[in-house]
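Q: sequence plus predicted model, see below.
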Amino acid sequence: MARATKHLNTNALWADVGVRTLRRLGLTHVVISPGSRSTPLAHAFAESAGLHVTVALDERSAGFIALGLAKATGQPAALLCTSGTAAANYLPAVVEARLSATPLLILTADRPPELRECHSGQTITQNGIYGGYPVWAAEAAVPGTDLTLLRHWRQLLVDAWQRSQGPLAGPVHLNLPFRDPLAPSDAEKGFKAPTGLNLETFTAVPPCGIVRPTLTPATVASLLPKTERGVIVVGPHAFGDRDENAMPRKPRPRNSRAS
């Protein structure tokens, strides 16, 4: 039975659409670094049944927790932080995710445009903060109740989810501006949800997970007789597909020489 929804402000509706969309896409793990500006999404994530939510106060630690979850599950994990310098502390994990082709969804809450470049506290330039390390980056619209904006928000998340697992897998950064009121319990004067909006139907996006072939030793052995020349590339397991029955390697003595 679907959870009843009654939104008191625009941000609550926007966050509900976003979290429902991500859950339909396959999101299972989210790591939250608490803060004021990210309140709408943090609350929606916490209220979503079946979603594994980890709260980590230190953003640098949170980034690596999410990176580990993504590597273990082979699916994008979401990172959420408030506006300001909090986002900067995700950079080491973003770099690691890019270099290891690990899918990550970095969600940075931000001040709305009218509160930028006017000496407001804890406001920095967040678009492009991770340089060239994300495989894709974009900024969402300021939340609104117009169906066109809600569709933009839904499809932005679908696009981000796909790009994080595409041919060039890795971290995707979405910058998300929010106006007050931020708390879902705060009533917004004049707020009205779109007439007839059914969130179950509206967020029923088709599955779009990226399927990667899994090569086992037996599969590789069967391919060898079929080619005269070839290259076998062996590297670290980036997507949690390691053999659970494999024997652990014994550590080599520090002063030994390779034979």
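A: Yep, it's here. Residues are numbered from 1 along each chain as shown.
Q: strands of this structure, start to end?
A: Assigned by DSSP state E, the strands in the chain fall at 29-32, 52-55, 77-81, 104-110, 136-139, 171-177.
Q: so which residues of the stretch 51-200 of the chain form helices?
A: For the stretch 51-200 of the chain, the helices defined by DSSP state H, counting those that start in this stretch occupy 59-73, 91-99, 147-164, 199-202.
Q: closest to residue 40 out of those?
A: Proximity to residue 40, assessed across those by C-beta to C-beta, is greatest for helix 147-164 (12.0 Å). In this view, the C-beta of every residue, glycine as well, is placed from N, C-alpha and C.
Q: give me the distance between the two termini of stretch 27-38.
A: Taking C-alpha to C-alpha, to the nearest Å, stretch 27-38 runs 18 Å from one end to the other.
Q: what does that stretch rub up against?
A: Stretch 27-38 is contacted by residues 42, 45-46, 50-59, 62-63, 65-66, 69-70, 73, 75-84, 86, 89, 105, 107, 109-111, 161, 178, 182 when judged by C-beta atoms under 8 Å, 6 or more residues apart in numbering.
Q: and for stretch 140-159?
A: Here stretch 140-159 makes contact (C-beta under 8 Å, 6+ apart) with 10-11, 13-14, 17-18, 21-22, 25, 40, 112-113, 136, 138, 174-179, 191-194, 197, 202-203, 205, 208.
Q: one step back: tell me which of the helices of the stretch 51-200 of the chain sits nearest to residue 132.
A: Per C-beta to C-beta, nearest to residue 132 of the helices of the stretch 51-200 of the chain: helix 91-99, 8.6 Å.
Q: give me the mean pLDDT for the closest one.
A: Mean pLDDT, helix 91-99: 98.
Q: what does stretch 25-45 give?
A: Averaged over stretch 25-45, pLDDT sits at 97.
Q: for that stretch, measure first residue to last.
A: In stretch 25-45, first residue to last residue: 14 Å (C-alpha to C-alpha).
Q: what do you get for stretch 127-135?
A: 14 Å.
Q: show residues contacting it.
A: Stretch 127-135 has contacts (C-beta under 8 Å, 6+ apart) with 87-88, 90-91, 94-95, 97-98, 106, 108, 137, 139, 163-164, 166, 168-173, 175.
Q: ok, and the closest non-adjacent residue to residue 137?
A: Spatial nearest neighbour of residue 137, excluding adjacent residues (C-beta to C-beta, 6 or more residues apart in numbering): residue 173 at 4.1 Å.
Q: isn't the one you found up against residue 110?
A: No - here residue 173 lies out of contact with residue 110, judged by C-beta atoms under 8 Å, at a distance of 11.3 Å.
Q: quick revisit: can I have the buried ones of the contacts of stretch 140-159 as a ChimeraX selection?
A: In ChimeraX, this line selects whichever of these come out buried by 16 or more other C-beta atoms under 10 Å:
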select :10,11,13,14,17,18,21,22,25,40,136,174,175,176,177,178,179,193,202,203,205
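Q: list the contacts for the spatially most central residue of the chain?
A: Nearest to the geometric centre of the chain sits residue 105, at 2.0 Å (C-alpha atoms, centre = their mean). If you count contacts by C-beta under 8 Å, 6+ apart, residue 105 has them with 22, 27, 76, 77, 78, 79, 160, 161, 164, 171, 172, 174.
Q: ok so, going back, make CSV out of the strands of the chain and add distance to residue 127.
A: Below are those laid out as CSV (distance: least, C-beta to C-beta, whole Å):
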stretch, distance to residue 127
strand 29-32, 21
strand 52-55, 26
strand 77-81, 15
strand 104-110, 8
strand 136-139, 6
strand 171-177, 5
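Q: wait, which of these is closest to residue 120?
A: Across the strands of the chain, residue 120 has its closest neighbour in strand 104-110 (11.4 Å, C-beta to C-beta).
Q: from the middle of its chain, how far away would the closest one be?
A: Centre-to-centre, strand 104-110 and its host chain are 7 Å apart (C-alpha atoms, centre = their mean, to the nearest Å).
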